[in-house]
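[1] Just a sequence and a predicted model for now, questions to come.
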Amino acid sequence: MFDFCVDPASLDTAKWFACYLTTGKHLSLYWSFGTVLLLLAITAPVALALGFGGASAARSAFAPLRLVGKTYIAIVRGVPDIAFFLFFVIALDQGFEWLRHQVKCPDWDQPIRQGNDFIVCAAAKLPLSNAPQWIHEVYGFSLAVITFAIVFGAFAANVLFGAMRAVPHGQIETALAYGMTQRQAFWRVLVPQMWVYALPGLSNLWMVLIKSTPLLFLLGVEDIVYWARELGGTKTPRFTEYPHGNWQMWYFLGLLVFYLLFTRVSEVFFDRLMKRLSHGQATTAGEAQRKAA
């Protein structure tokens, strides 16, 4: 990046590190932090929406819908995250390719399952082999977002389901007695009050989501863990202009600091949000605010 980086062997320590930390691979490392933040920015609201839908279904008076909601929560929460991530991504990818195969290759006369191999026609592959590299990256990232959202949506559903049950039922009965419908009582009485009960669990879930982002590495996405391991490993003069020993400890120490700072900022945000939601509520936090006032 700098003009003096022509001959790294002749540089002093400060200039050597300035050149080393601005190589193309290090720029990819810096971009990967954006990948993690983008994953969180997309996954969190989608998972919250899935969780709200799952919790609403689990408390539904319609038995089949209630069964769907409770089954979703139970199955996803009962499977270890790493097993679900490794299985579901493969299943989802093959499901998309199978659907495309049925549409684009109706004359295919070979079995799709051939032993352990899953074979579809070339036109049904996702993404296509001749697609640009960014298409491959966006596709892999999209699978990761869907998987993260489904997994953490189930946990969010369990938190919101408990929060809905924590709202005093007498308030719902009072709303119905004043002429509100079940739908009106749900949206005007239950939903506004449940967040103060749900926020502690949701904040913990957000922390777990942050700490789970290194699983992107298992899904084939070049995230910060991938680049930290790649760049921190021993590099000899034969393979790079910037040879060094095993620096993985320092790279992963940088990731440790990043995650600690990120979680600290999150804690401050949730503390302030909790104070705001507790204002005027008939909870311990709300009562403490009234006494302080």
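    Yep, it's here. Because the structure is a prediction, the values reported are computed rather than measured. Residues are numbered from 1 along each chain as shown.
[2] Can you report how many residues lie near Q184?
    Per other CB atoms under 10 Å, the neighbour tally for Q184 reads 13. The way it works is simple: take the backbone N, C-alpha and C, and place the C-beta from them, glycine included.
[3] per-residue confidence at it?
    We have a pLDDT of 89 for Q184.
[4] likewise E137?
    E137 is given a pLDDT of 82.
[5] which stretches of the stretch 101-250 of the chain have low pLDDT?
    Low-confidence segments of the stretch 101-250 of the chain, defined by pLDDT under 70: 239.
[6] could you show me where the helices are in it, in order?
    Secondary structure of the stretch 101-250 of the chain by DSSP state H, counting those that start in this stretch: the helices cover 133-166, 169-177, 182-185, 191-212, 224-232, 248-278.
[7] Just give the number of residues close to W31.
    Neighbour count of W31, defined by other CB under 10 Å: 12.
[8] Quick check: it vs L37, distance?
    11 Å (CB to CB, to the nearest Å).
[9] and the closest residue to W195 other than its chain neighbours, how many neighbours does it have?
    Spatially, and ignoring its direct neighbours in sequence, W195 is nearest to L277 (5.5 Å; CB to CB, 6 or more residues apart in numbering). Look at L277: counted by other CB under 10 Å, it has 19 neighbours.
[10] was I right about L277 contacting V196?
    Yes: using CB atoms under 8 Å, L277 is in contact with V196, at 4.6 Å.
[11] give me the element Y72 is part of.
    In the assignment (DSSP states H and E), Y72 maps to helix 63-78.
[12] Which strands or helices does the helix or strand harbouring L50 pack on?
    Per DSSP H and E, L50 falls inside helix 24-58. Contacting helix 24-58 under the criterion 3 or more CB pairs under 8 Å, 6 or more residues apart in numbering; DSSP states H and E are the following elements: helix 63-78, helix 133-166, helix 191-212, helix 224-232.
[13] correct me, but F252 touches A228?
    Yes: using CB under 8 Å, F252 is in contact with A228, at 5.7 Å.
[14] any idea how far V76 is from A198?
    Separation of A198 from V76 (CB to CB): 18 Å.
[15] typo on my end, it should be V68
    Distance from V68 to V76, by CB to CB: 13 Å.
[16] Have a look at the two and say which one is more surrounded.
    Taking other CB under 10 Å, V68 and V76 do not tie; V76 has more neighbours (21 against 16).
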